[in-house]
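Student: what's the 3D shape of this:
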Amino acid sequence: MAHRIVVKRVGQEPVVETREEISLEVMQEIVGGNIKLLGLPNGIDLWLNEEGKLIDLYPNVALGQEIIVGDIFFAGSTPQGDTVGLTGTQIELALALFYDPARN
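Tutor: Predicted coordinates:
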């Protein structure tokens, strides 16, 4: 089963990617190291590099007062805590976090 996630690499626009699985290895490959979860509203999970600030990864995005560093991705989760792909609505919500009205 294919899973759709939103990946935001440093210095690039967010993109929707399809992965056959969302395993620990895939997650670590995307963020470039150990993973950390930040739960967001609407069943969206933000995954990032747990040691990103300690190893001076480049800033990626600001969420509220928090600066997120390094490559990140958004996925969904089940009530049991399993990581799954995003729904169409969740993809729209994740992409909206990066909408800049000054550029559009």
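Student: could you say which helix or strand holds the most centrally placed residue in the chain?
Tutor: With distances taken as CA atoms, centre = their mean, residue 73 lies nearest the centre of the chain, 1.9 Å away. Secondary structure assignment for residue 73, by DSSP states H and E: strand 72-77.
Student: list the buried residues of that strand.
Tutor: 72-76 (16 or more other CB atoms under 10 Å). Where C-beta positions appear, they are placed from N, C-alpha and C, glycine not excepted.
Student: do the same with stretch 7-19
Tutor: Per 16+ other CB under 10 Å, stretch 7-19 contains these buried residues: 7-8, 14, 19.
Student: do the same with stretch 79-97
Tutor: Neighbour-count burial for stretch 79-97 [16+ other CB under 10 Å]: 83-86, 90-91, 93-95, 97.
Student: go ahead and confirm the residue nearest to the centre of the chain touches residue 9.
Tutor: No. In this structure, residue 73 is not within contact of residue 9 by CB atoms under 8 Å, at 9.2 Å.
Student: could you check the pLDDT of the residue nearest to residue 84 when sequence neighbours are not counted?
Tutor: In space, and not counting its chain neighbours, residue 84 is closest to residue 76: 4.8 Å by CB to CB, 6 or more residues apart in numbering. Residue 76 is assigned a predicted lDDT (pLDDT) of 96.
Student: equivalent analysis for residue 25, please.
Tutor: So residue 25 comes in at 96 (pLDDT).
Student: helices or strands next to the host helix or strand of it in the packing?
Tutor: Element membership of residue 25, judged by DSSP H and E, is helix 24-31. Packing partners of helix 24-31 (3 or more CB pairs under 8 Å, 6 or more residues apart in numbering; DSSP states H and E): strand 35-39, strand 44-49, strand 72-77.
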